[in-house]
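> sequence and predicted structure are below.
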Amino acid sequence: MSQLRIRTKGFQEIRLNVISFMSPIFASTSSTQTQSSEQHHPIRTQQPTIRFDVVFASQAKFEEWQTFVRSIQLKLLKGKDPSDVAVVTLWWPERDIRNWQGIIKETEGGAERFNWAPQNVVEVTLTKGLVAQGSALAWSYASDFDSIFGGIQNTIPAADRLITAPSGSLNIGNAQDLGPRAAATTPTTGTAPTPNASGPGGSVSSLFGPF
């Protein structure tokens with residue numbers, strides 16, 4: 001009897017005895033009507049999951065499978081890259097399953113006395129299968145609030161800052177270029193700059209107060 005092999009990085013290969021399996025494929029089509037015929041064009045095909053009905057040779061094998069799945073889930077919670085741990089590779093060439101990849105979505109656990117050949121259901125969400133040749137997994141962490149809008153920017157190393165407030169004065173040209181209203185604006189503190197038609201005007205801080 002051929003077996004389904006499940007592999008993932010950092011763990012020993014698991015072999016499962018599969019009784020049956022099912023993997024639905026959904027498709028969408030677009031149709032166009034001409035004078036003599038109607039044509040159909042497939043535009044989207046999906047193979048979201050594959051479901052296996054498996055049987056184990058003993059309770060020890062069943063417990064080994066449960067430990068395997070739980071170890072993957074625990075390591076996923078502690079890791080920063082799910083593609084290293086969460087993705088499992090399915091290998092069953094006798095059923096044309098070669099290097100399909102996915103994430104174990106659902107499986108049953110527990111134990112039962114006098115059940116010498118326990119059965120289980122394993123469902124895998126596919127990222128690579130008969131239809132798709134690969135899907136990207138998104139994984140990101142949110143930036144700290146203070147590193148973006150906080151008032152303690154000076155305590156963050158320069159290499160780790162996402163944005164840096166400008167320091168000093170920023171010349172913006174003649175005050176007359178801003179129009180009469182801006183040139184006549186009284187700053188919050190200090191003295192209003194005198195427009196100079198022949199040279200640079202006041203700075204942002206001198207026009208509108210401390211920046």
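Perfect, thanks for sending it.
> quick one: low-confidence parts of this structure?
Under the criterion pLDDT under 70, the flagged ranges of the chain are 1, 79-85, 133-211.
> packing partners of the helix of greatest length in the chain?
In the chain, taking DSSP state H as the definition, the longest helix is helix 59-78. With contacts defined as 3 or more CB pairs under 8 Å, 6 or more residues apart in numbering; DSSP states H and E, helix 59-78 has these neighbours: strand 14-22, helix 82-85, strand 97-107. Heads up, the C-betas are built off the backbone N, CA and C, glycines and all.
> compute the inter-axis angle for that helix and strand 97-107.
90 degrees (axes from the mean of the first three to the mean of the last three CA atoms, to 10 degrees).
> tell me which of the helices and strands packed on helix 59-78 sits nearest to residue 39.
For the helices and strands packed on helix 59-78, proximity to residue 39 was assessed by CB to CB; strand 14-22 is nearest, at 31.3 Å.
> how about that closest one as PDB, C-alpha atoms only?
Extracted as PDB, the C-alpha positions of strand 14-22 are listed here (Å, rounded to 0.1, in the frame of the first residue of the first chain):
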ATOM      1  CA  ILE A  14       5.600  11.400   8.600                       C
ATOM      2  CA  ARG A  15       3.900   8.700   6.500                       C
ATOM      3  CA  LEU A  16       0.100   8.300   6.500                       C
ATOM      4  CA  ASN A  17      -2.100   5.500   5.300                       C
ATOM      5  CA  VAL A  18      -4.800   7.200   3.300                       C
ATOM      6  CA  ILE A  19      -8.200   5.500   2.800                       C
ATOM      7  CA  SER A  20      -9.600   8.200   0.600                       C
ATOM      8  CA  PHE A  21      -9.000  11.900  -0.300                       C
ATOM      9  CA  MET A  22     -10.900  14.800  -1.800                       C
END
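> hmm, back to that, check which residues of the longest helix of the chain are buried.
For helix 59-78, the neighbour count (16 or more other CB atoms under 10 Å) marks 59, 61, 62, 65, 66, 68, 69, 72, 75 as buried.
> and those, which is closest to residue 111?
The nearest one, if we look at these relative to residue 111 and count by CB to CB, is residue 59, at 6.1 Å.
> separation between that closest one and residue 13?
Per CB to CB, to the nearest Å, residue 59 is found 20 Å from residue 13.
> count of neighbours near the closest residue to residue 28 other than its chain neighbours?
Using CB to CB, 6 or more residues apart in numbering and skipping the chain neighbours, the partner closest in space to residue 28 is residue 44 (4.2 Å). Per other CB atoms under 10 Å, the neighbour tally for residue 44 reads 10.
> residue 44 contacts residue 30, doesn't it?
No: checked against CB atoms under 8 Å, the pair residue 44 and residue 30 is beyond contact range at 9.1 Å.
> next, the contact list for the residue nearest to residue 26 when sequence neighbours are not counted, please.
Among residues not flanking residue 26 along the chain, residue 46 sits closest, at 4.7 Å (CB to CB, 6+ apart). Residue 46 is in contact with 25, 26, 27, 131, 132, counting by CB atoms under 8 Å, 6 or more residues apart in numbering.
> out of the residues you listed, flag the one nearest to residue 105.
Of all the contacts of residue 46, residue 132 has the smallest distance to residue 105: 15.8 Å, by CB to CB.
> which residues touch the spatially closest residue to residue 22 that is not a sequence neighbour?
Take residue 22 and drop its neighbours on the chain: the residue closest to it by CB to CB, 6+ apart is residue 51, 5.0 Å away. Residues near residue 51 by CB under 8 Å, 6+ apart: 21, 22, 23, 121, 122, 123, 124.
> fine, thanks again, bye for now.
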